[in-house]
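In: Below is the sequence, then the predicted model.
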Amino acid sequence: MNNVIIVAGGKGLRMGSELPKQFLNVGGKPVLMRTIEAFYNFDKSIRIIVALSASYREHWSKLCKGYGFSVYHEVVDGGETRFHSVKNGLELVGEGWVAVHDAVRPFASVSLLKTCFDAAKEYKAVIPVIDVTDSLREIDGENDSKIVDRSKYRMVQTPQVFESVLLKKAYDADFSEYFTDDSSVVEAYGHAIHLVEGERTNIKITTPFDLDLGEVILGK
Ligand SMILES: Nc1ccn([C@@H]2O[C@H](COP(=O)(O)OP(=O)(O)OP(=O)(O)O)[C@@H](O)[C@H]2O)c(=O)n1
Ligand SMILES: C[C@](O)(CO)[C@H](O)COP(=O)(O)O
């Protein structure tokens, strides 16, 4: 069975908006609804688990009513960090395959989801990445910096898809600040990570500029 944990427990501080960014509209619809729909469109029987801060549950359920949003999903509490939100979501996951996806990446295509789930059946741990297209400098102190070889780096996206037994074992670990995504947790557990090509349009909505970019991506 396919599962997805959509992590929507963040505060969105860099957006600077009153409401966390996952509830803001892009193309006339809340970001989180678009993200849920992306997974439903990929697999109508996928189990959708959304990690949501307890203080926004009521807001979310009012939004769903207001928009007539009917894609079935289960809600768990968000945690103190993304790591803790994923851990809460994993409580509901049984055997099979599990994607972890940022609520604020609403433009992942069905074809990207298929690529990631298909590859996970072979490699057990799969993440989408894209090339770095700008030059890259490493900062050392306040004024010093040096150029680095950008061909050695990739930018990491979600969905990150795993055999669920593997992800659950990896998430038994204690929290570390180096766990910025799920592949870092699985890698620390000792399993290799397989990379697939991500999508430039699969942006993580982080700042107000990204909402404008989102409208462009949607062609609005
Ligand atoms: N305690 C947390 C923190 C983050 N997330 C989720 O992890 C994803 C990626 O995190 P990020 O873009 O950093 O979101 P925020 O933490 O909300 O943003 P900021 O760092 O600007 O506050 C988001 O979908 C966010 O809701 C989560 O579920 N639980
Ligand atoms: C998971 C992630 O989106 C992969 O790029 C990213 O690590 C989240 O980082 P953030 O620190 O929560 O913005």
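Out: Structure's in. What do you need? Ligands and ions are numbered 1, 2, ... in the order given.

In: Could you pull up the residues touching the residue most central in space within the chain?
Out: Among the residues of the chain, the one closest to the centroid is D102, at 2.1 Å (C-alpha atoms, centre = their mean). D102 is in contact with 6-7, 35, 158, 204, counting by C-beta atoms under 8 Å, 6 or more residues apart in numbering. Quick note: C-beta positions are derived from backbone N, CA and C, even for glycine.

In: Quick check, pLDDT for it.
Out: In this model, D102 is scored at 98, pLDDT.

In: give me phi/psi at it?
Out: D102 adopts backbone torsions of phi -70, psi 130, taken as degrees, to the nearest 10.

In: who does it bridge with?
Out: V7 (DSSP bridges).

In: picking up where we left off before, Throw the contacts of D102 into TSV and include distance to ligand 1, pLDDT and neighbour count, thanks.
Out: Formatted as TSV, those follow (distance: C-beta to the nearest ligand atom, whole Å; pLDDT from 0 to 100; neighbours: other C-beta atoms under 10 Å):
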residue	distance to ligand 1	pLDDT	neighbour count
I6	8	98	29
V7	3	98	28
T35	8	98	28
T158	8	98	27
K204	5	98	16
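
In: and ligand 2, which of those contact it?
Out: For ligand 2, the contacts drawn from the contacts of D102 by C-beta under 6 Å from any ligand atom are 158, 204.

In: S55: which of the contacts of D102 is nearest?
Out: V7 (15.9 Å; C-beta to C-beta).

In: What residue in the chain comes nearest to ligand 1?
Out: In the chain, the residue found nearest to ligand 1 is G10; the distance is 2.1 Å by C-beta to the nearest ligand atom.

In: Let me see the contact set for the closest residue to that residue other than its chain neighbours.
Out: Counting by C-beta to C-beta, 6 or more residues apart in numbering, G10 lies nearest to P20, which is 6.3 Å off, once chain neighbours are set aside. By C-beta under 8 Å, 6+ apart, the residues touching P20 are 8, 10-12, 53, 56.
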